[in-house]
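Asker: predicted model follows, preceded by the sequence.
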Amino acid sequence: MKYKLIAADMDGTLLDDRKIITPKNLSAIKKAMANGSIFAFSTGRPPIAVEPYRKIIDENVPVIAYNGAMVVLGENDIFFNQTLTKEQATIILEHVRKYNTMACIWSRNRLYVTELGARADKYKINVMTEPVLFDDPETIINQGITKFLWYDTAERTAFFRQELAEPFGKLGITVCPSTSEYLEFFSSNVSKALSLERLAKHYGIRREEIIAFGDNFNDLEMIEYAGLGVAMQNAPDGVKNAADFVTVSNNEDGIAYVLEKFF
């Protein structure tokens, strides 16, 4: 089987714990691309936080961003975009206040936060974006919110997920962790898997010709969808159990290991 599309999550997957693409992973990706395969980032990050890495590989590689809520092809070429409805955004915000948690809010590729402080400072480093205080909810909700990210302790994040996944799911809102401290909320009309499917159709690539890499539950559907779904060794058991193959960890060139094996 010739795999024509390679989709990789970033944090905990493509990137090691230093947040870099290792030389071995980069070399394997470049080799696959030279042999005709398309590489795509598939991440919960916004496009702006992917750009430095995109330039390392190729500034025109496609990006599945915001867990599938946006797909970018060439430079600033938005191929797909899905925001939460006003009603969904309002409900999520009500629960931010109810649980007294901190939320990061993405609207039109700008970052808003419900409070400034240590968590906002830490998050902005990860996403390479300066946050703006969320002090005009009506205007921002009306212009469209791509996703919410709640940033809290691992214990509280697990509790929020348990409490909200089912009732929010009935409202068309996906509730999904991306790290132990991050809980993401976005439209149930989107996922990494659905946007990977959109991307594959755009390029005329069959499902069987796709490899997808991931390390967390927001990667689960993508891993299940791909012809070869790969979980990292550092992934939770629930993700590894769903994968076709489990590679070594993100700190051990897990992507290169698979590309060298299957190419």
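Answerer: Okay, I see it. Numbers count the residues shown, from 1 in each chain.

Asker: strands of this protein, start to end?
Answerer: With DSSP state E as the definition, the chain shows strands at residue ranges 5-8, 38-42, 63-65, 70-72, 78-81, 102-107, 110-113, 132-133, 147-151, 173-177, 182-187, 210-214, 228-231, 245-246.

Asker: switch those strands over to TSV; also include mean neighbour count and mean pLDDT.
Answerer: Backbone N, C-alpha and C define where each C-beta goes, glycine included. Listed next are these as TSV, based on neighbours: other Cβ atoms under 10 Å; pLDDT from 0 to 100:
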stretch	mean neighbour count	mean pLDDT
strand 5-8	26	98
strand 38-42	23	98
strand 63-65	29	97
strand 70-72	24	96
strand 78-81	16	94
strand 102-107	23	97
strand 110-113	20	96
strand 132-133	14	96
strand 147-151	24	97
strand 173-177	21	94
strand 182-187	24	95
strand 210-214	28	98
strand 228-231	24	98
strand 245-246	16	98
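
Asker: right, and those - which one's nearest Ile141?
Answerer: Judged by Cβ to Cβ, the one of the strands of the chain that comes nearest to Ile141 is strand 102-107, at 8.2 Å.

Asker: low pLDDT regions in this protein?
Answerer: Of all residues in the chain, those with pLDDT under 70 make up the ranges 1.

Asker: just the helices in it please.
Answerer: Using DSSP state H, the helices of the chain run over residues 23-34, 51-57, 86-99, 118-127, 137-143, 154-169, 192-203, 220-225, 237-240, 254-262.

Asker: returning to what we had before: how about the strands of the chain in JSON lines, adding distance to Ala89?
Answerer: As requested, the strands of the chain are arranged in JSON lines below (distance: least, Cβ to Cβ, whole Å):
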{"stretch": "strand 5-8", "distance to Ala89": "28"}
{"stretch": "strand 38-42", "distance to Ala89": "24"}
{"stretch": "strand 63-65", "distance to Ala89": "18"}
{"stretch": "strand 70-72", "distance to Ala89": "16"}
{"stretch": "strand 78-81", "distance to Ala89": "15"}
{"stretch": "strand 102-107", "distance to Ala89": "8"}
{"stretch": "strand 110-113", "distance to Ala89": "12"}
{"stretch": "strand 132-133", "distance to Ala89": "16"}
{"stretch": "strand 147-151", "distance to Ala89": "8"}
{"stretch": "strand 173-177", "distance to Ala89": "9"}
{"stretch": "strand 182-187", "distance to Ala89": "9"}
{"stretch": "strand 210-214", "distance to Ala89": "27"}
{"stretch": "strand 228-231", "distance to Ala89": "31"}
{"stretch": "strand 245-246", "distance to Ala89": "37"}
